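> Predicted model follows, preceded by the sequence.
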Amino acid sequence: MTISNDPSGTPATEPDAARRGLLHPARRRRTATAALTGAALLAIGAGAGAAGWSALQPEPATFDPALGATPVAQLNEGERVELQGRVAEIFGNKFVLEDATGRALVETGRRGEGGQLVAAGETVTVQGRFEKGSLRAGSLQRADGAVEELRPAPPPRPPHERP
């Protein structure tokens with residue numbers, strides 16, 4: 001028996017036609033289904049990868065204008081505060097902020113390592129959480145209005161864990 005599915009008009013033998021998939025439409029459907037399933041899985045993977053990548057990107061620096069400056073002399077343990085003053089001294093990733101009422105140690109985390117984040121004599125506004133006698137800075141605003149995100153301020157400790 002001969003089959004003429006070949007566009008050249010040459011009759012094909014049954015084993016040749018079977019090898020090329022001409023005799024089995026079910027096989028073609030399975031192949032097409034597998035290809036579509038693979039394409040769908042790739043699209044889902046690409047979408048999930050893009051969503052994960054965007055979730056890991058740092059958020060733009062934020063500065064809460066509603067917080068309002070607190071004088072250094074009125075700092076209370078565990079409060080989220082804003083300090084405004086002049087940089088008096090720098091010690092690695094820490095600096096001393098001085099205002100008219102006193103001085104406070106400000107910890108800047110990794111961004112301040114090397115003492116290059118601020119300069120002595122610079123006027124800055126810092127927001128963060130006051131804990132264990134120093135301010136853990138979350139963001140810093142320079143005199144020109146530029147804001148730098150240092151790290152998120154940690155949540156307050158539960159009362160039973162406070163010293």
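All right, it came through fine. These numbers come from a predicted model, not from an experiment.

> contacts for the longest strand along the chain?
Taking DSSP state E as the criterion, the chain has its longest strand at strand 80-91. Residues from elsewhere that reach strand 80-91, judged by C-beta atoms under 8 Å, 6 or more residues apart in numbering: 64, 67-70, 72, 75, 95-99, 103-104, 106, 115, 118-130, 135, 153, 156. Every residue, glycine included, has its C-beta placed from N, CA and C.

> Just the ones in strands from those residues, please.
The strands in this structure, assigned by DSSP E, contain 95-99, 103-104, 106, 123-130, 135 from the contacts of strand 80-91.

> if we can go back for a sec, pull the CA atoms of the longest strand of the chain into PDB?
Below are the C-alpha coordinates for strand 80-91, written out as PDB (Å, rounded to 0.1, in the frame of the first residue of the first chain):
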ATOM      1  CA  ARG A  80      11.000  56.600  66.800                       C
ATOM      2  CA  VAL A  81      12.400  60.100  66.600                       C
ATOM      3  CA  GLU A  82      13.900  62.700  64.400                       C
ATOM      4  CA  LEU A  83      17.000  64.600  65.400                       C
ATOM      5  CA  GLN A  84      18.300  67.700  63.700                       C
ATOM      6  CA  GLY A  85      21.800  69.200  64.300                       C
ATOM      7  CA  ARG A  86      25.400  69.400  63.400                       C
ATOM      8  CA  VAL A  87      27.800  66.500  63.000                       C
ATOM      9  CA  ALA A  88      30.400  67.000  65.700                       C
ATOM     10  CA  GLU A  89      32.500  63.800  65.500                       C
ATOM     11  CA  ILE A  90      32.700  60.700  63.300                       C
ATOM     12  CA  PHE A  91      33.700  57.200  64.500                       C
END
